[in-house]
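Colleague: Test case, fold it:
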Amino acid sequence: MKRVVAIQSDNFMRINPATDTSLQLAIEAQKRGFQIFWYEPKNLSIIDAKLKAQGSLVKFYEGNKDFYKILKKIKFNISKATVTLIRQNPPFNMNYINSTYFLDNVDPKKVINKPSAIRNVSEKFYSSKFLKFMPPTIFTNNIDDIHKFFKKYKQIVLKPVDGYAGNNILFLIKNFPRIKVLKFLKKYNHIMVQKYLSKVKYGDKRVFIINGKVKGAIKRVPEKGSSLSNISQGGKAFKANLSKKEINLSSLIGKHLKKDNIFFAGIDLIDGSLIGDINVTSPTGLPQFRNLTGKNLAEVFWNELKLK
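Modeller: Next up is the predicted model:
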């Protein structure tokens, strides 16, 4: 068998080949002579003291409606992979956390991002290190704290700390529906609460951090009437230039991420401010960046990884 890149992710048959970052990373790995073993985290097991996964050896194709071919379904010893990429989508719940514990049984230098680092760098809580670069933000599960915050800022946003892709966000713009907020807290427990930034209608910037360095960015603009710029929520991608302030902030966060063993991340900015999302579980946006700029950050990813 050729050298193998294992990709732990969601079912590849359901991805959008035009927008999927994991697919772009896989195709670039193939160009470098690697075979792709793709598996879902639910199919991990430890048998005879070996970490194994049931999955498929897959050949992927670029710019093709039929973008994959299953070569063989196998149970693979993950320690035999040259590198394993953790790429499944959040929510960052116990199922996700347990999958990182499974991967602790592999040399951590052979897993991207490092499993313990993903556990430590909670995507929204990690941003509390950078509150001075963010809009007014609190983390709480206390409705009185939230009500006081609402009275001060008039328009606020409530986000589950383990949410992703703009899902399950509650906007309080005109009034404070106490019962609705209580139900939100009961469902999500501790949450992130932020002052609503009206400039979100002009879009945010997704900045790509690879090996601690700023490698590019795209602008994501929400659909008319929406405050969600995520591509999965209908946002459109455009070319983006970063200001000196945005480069400095992104570089600062990148240095912290590298120190904390995060190799690949995406951070989101609005009007030069961090909005609290530091994406380390499954950063997206590389195909959009390539389409807009002609630069393939999947190449940069593998070059920076320096696999032997």
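
Colleague: Residue 52 and residue 114: what is the separation?
Modeller: Remark: distance between residue 52 and residue 114 (Cβ to Cβ, to the nearest Å) = 20 Å. In this view, the C-beta of every residue, glycine as well, is placed from N, C-alpha and C.

Colleague: Ok, residue 250 next?
Modeller: As it turns out, when the distance is counted by Cβ to Cβ, residue 250 lies 21 Å from residue 114.

Colleague: who touches residue 102 in this structure?
Modeller: Contacts of residue 102 were listed using Cβ atoms under 8 Å, 6 or more residues apart in numbering, and they are 41, 44, 46, 51.

Colleague: which of those are buried?
Modeller: When those are checked for burial by 16 or more other Cβ atoms under 10 Å, the buried set is 41, 44, 51.

Colleague: Out of these, the closest to residue 141 would be?
Modeller: Within the buried ones among the contacts of residue 102, distances to residue 141 taken as Cβ to Cβ reach their minimum at residue 41, with 27.9 Å.

Colleague: What count of nearby residues applies to the residue lying closest to residue 96 once chain neighbours are set aside?
Modeller: Distances taken as Cβ to Cβ, 6 or more residues apart in numbering put residue 90 closest to residue 96, at 6.4 Å, once the chain neighbours are dropped. Residue 90 is flanked by 17 other residues according to other Cβ atoms under 10 Å.

Colleague: Residue 90 contacts residue 123, correct?
Modeller: Yes. In this structure residue 90 lies within contact range of residue 123 using Cβ atoms under 8 Å: 7.3 Å.

Colleague: any residues in contact with both of these two?
Modeller: Going by Cβ under 8 Å, 6+ apart, residues that sit against residue 90 and also against residue 123 are 162, 164, 281.

Colleague: What about these, which are in strands?
Modeller: Using DSSP state E, the subset of the shared contacts of residue 90 and residue 123 located in strands is empty.

Colleague: Show me which of the residues you listed are buried.
Modeller: A residue is treated as buried here by neighbour count (16+ other Cβ under 10 Å); on that basis the buried members of the shared contacts of residue 90 and residue 123 are 162, 164, 281.
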